[in-house]
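J.: Sequence first, predicted coordinates after that:
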Amino acid sequence: MTATHGRTGRPPLTEERKAQIRLEIARAAVGLFVEQGVAATTGEQIGRAVGVSARTVWRYFPSKESCVRPLLTAGIDAIAAALREWRPGRPLGETFARNLADERLVVGPEPTTVGALVRLTRTEPGLRAVWLQTYDEAEPAFARALAERAERAGLPADGLRPAIQAAMFNAALRAAVEQHAWRGTDTATDPAAVRAELAEALHAALAVVSEGLT
């Protein structure tokens, strides 16, 4: 009789657990980057801070700079959803005023950590590239949301209009986050206070472009 052997070893990680590991790596990377700079930080150090091997770090991310991406992309889907809910004739800032209670918006659930990261993008070219790439990749998602919103409302929805609207919104969002982060220096600031200040900066940025987003 031939014995059959089941699969041995650890069970595969769930997608939720993989996302959690990515976020843990991102937090650890930012902490090390702030403390000692990107150049002095190694994959081994990032992994050690999380309790995983450097091999695991590289399995999830192609470079140490890209480790921060989960902190930057956390709010894209929530922002797109808010754009779909934007009612015709209502200020866009009003829509976000209703939705900013959702901690995923703008900078995700960790505004102080993201603020520290954004400050680093002024002096670390590799992180700056990841930061800008994140916004470049978010823009089509915003354009699709605006096109869906226009279609439901019976507004003009040719390919160019939502694309331009998304570009304007994306630029305003990035400017608000950057200006807010670059003014700050205390990464231990209360997250609720940081979020309130950031919301104010976002409203100001949207007011600047509101005439072009109707």
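T.: Received, thanks.
J.: From now on I want contacts and neighbour counts done on CA atoms only, so please keep to that.
T.: Noted.
J.: low-confidence ranges in the chain?
T.: 1-10, 97-111, 157, 184-189, 211-214 (pLDDT under 70).
J.: mind running it again at 50?
T.: Along the chain, the model assigns pLDDT under 50 to residues 1-2, 4, 107, 186-188.
J.: domains for it, by residue range?
T.: 15-67, 74-212 (automatic domain parsing).
J.: Check which helices and strands the lengthiest helix in the chain sits against.
T.: When the chain is parsed with DSSP state H, its longest helix is helix 125-153. Packing partners of helix 125-153 (3 or more C-alpha pairs under 8 Å, 6 or more residues apart in numbering; DSSP states H and E): helix 69-73, helix 76-85, helix 111-120, helix 160-183.
J.: Give me whichever of the ones you listed is most buried.
T.: Comparing these by mean neighbour count (mean count of other C-alpha atoms under 10 Å), helix 111-120 comes out on top with a mean of 23.
J.: Provide the angle between the direction of that one and the direction of helix 160-183.
T.: Interaxial angle, helix 111-120 versus helix 160-183 (axes from the mean of the first three to the mean of the last three C-alpha atoms, to 10 degrees): 90 degrees.
J.: What is helix 111-120 packed up against?
T.: helix 15-36, helix 125-153, helix 160-183, helix 191-209.
J.: Ok, which of those helices comes nearest Val57?
T.: helix 15-36 (7.2 Å; C-alpha to C-alpha).
J.: any chance of the helices and strands packed on helix 111-120 in TSV, with distance to Arg69 too?
T.: Listed next are those as TSV, based on distance: least, C-alpha to C-alpha, whole Å:
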stretch	distance to Arg69
helix 15-36	7
helix 125-153	7
helix 160-183	15
helix 191-209	20
